[in-house]
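In: need the 3D shape of this:
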Amino acid sequence: MEFNTPPSANPPDNHLVWAIVCTVLCCMPLGIISIIKATKVKELWVLGDLAGAQKAADDAKKYAIWGAVITLVGVILCFIIAFAFMILGGGF
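Out: From the prediction side, this is the model:
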């Protein structure tokens, strides 16, 4: 693992807000993973691991997006199933 001196510029966006939103509103397991990855960005940046900080930021974004997509697909499937029961006259 190669460490460099961090530049005076800001670290990559850690996507922490999206990770928290994903955890609260979408898929909790993927949201938690996203939060963990997002919180490592600044730490890796300060240590000089620029590539690791960027990878952690990218992973945080990826897991937040996956959580949102999985939730969206689940909601759509629930609506389709409910609609099918209404059309077919499924009795509860």
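In: helix or strand for Ile81, which one?
Out: helix 50-88 (DSSP states H and E).
In: tell me, what residue is most central in the protein?
Out: Per C-alpha atoms, centre = their mean, the C-alpha nearest to the average position across the chain is that of Ala64, at 1.4 Å.
In: how about that residue, what does it touch?
Out: Ala64 makes contact with His15, Trp18, Ala19, Val21, Cys22, Leu30, Gly31, Ser34, according to C-beta atoms under 8 Å, 6 or more residues apart in numbering. Bear in mind the C-beta positions are built from the backbone N, C-alpha and C, glycine included.
In: try 6 Å this time
Out: Contacts for Ala64 (C-beta atoms under 6 Å, 6 or more residues apart in numbering) come out as Trp18, Ala19, Cys22, Ser34.
In: how many neighbours does Ile32 have?
Out: As a burial measure, Ile32 scores 15 neighbours (other C-beta atoms under 10 Å).
In: now do Asp58
Out: 14.
In: give me the pLDDT for Pro6.
Out: Looking at Pro6, its pLDDT is 52.
In: same deal with Gly91?
Out: So, for Gly91, pLDDT stands at 57.
In: can you check Gln54 too?
Out: 94.
In: nearest residue to it in space, please, no chain neighbours.
Out: Pro12 (5.2 Å; C-beta to C-beta, 6 or more residues apart in numbering).
In: give me phi/psi at the one you found?
Out: Comment: the main-chain dihedrals of Pro12 come out as phi -60, psi 160, following degrees, to the nearest 10.
In: got it, and Cys26?
Out: phi -120, psi -110.
In: any stretches of the protein with poor pLDDT?
Out: Counting by pLDDT under 70, the chain shows low-confidence ranges at 1-8, 90-92.
In: give me that answer again for 80
Out: Within the chain, the set of residues satisfying pLDDT under 80 comprises 1-9, 89-92.
In: buried stuff in the host helix or strand of Thr39?
Out: Taking DSSP H and E as the criterion, the element that holds Thr39 is helix 28-47. Buried residues in helix 28-47, counting neighbours by 16 or more other C-beta atoms under 10 Å, are found at Leu30, Gly31, Ile33, Ser34, Ile35, Lys37, Ala38, Lys40, Val41, Lys42, Leu44, Trp45.
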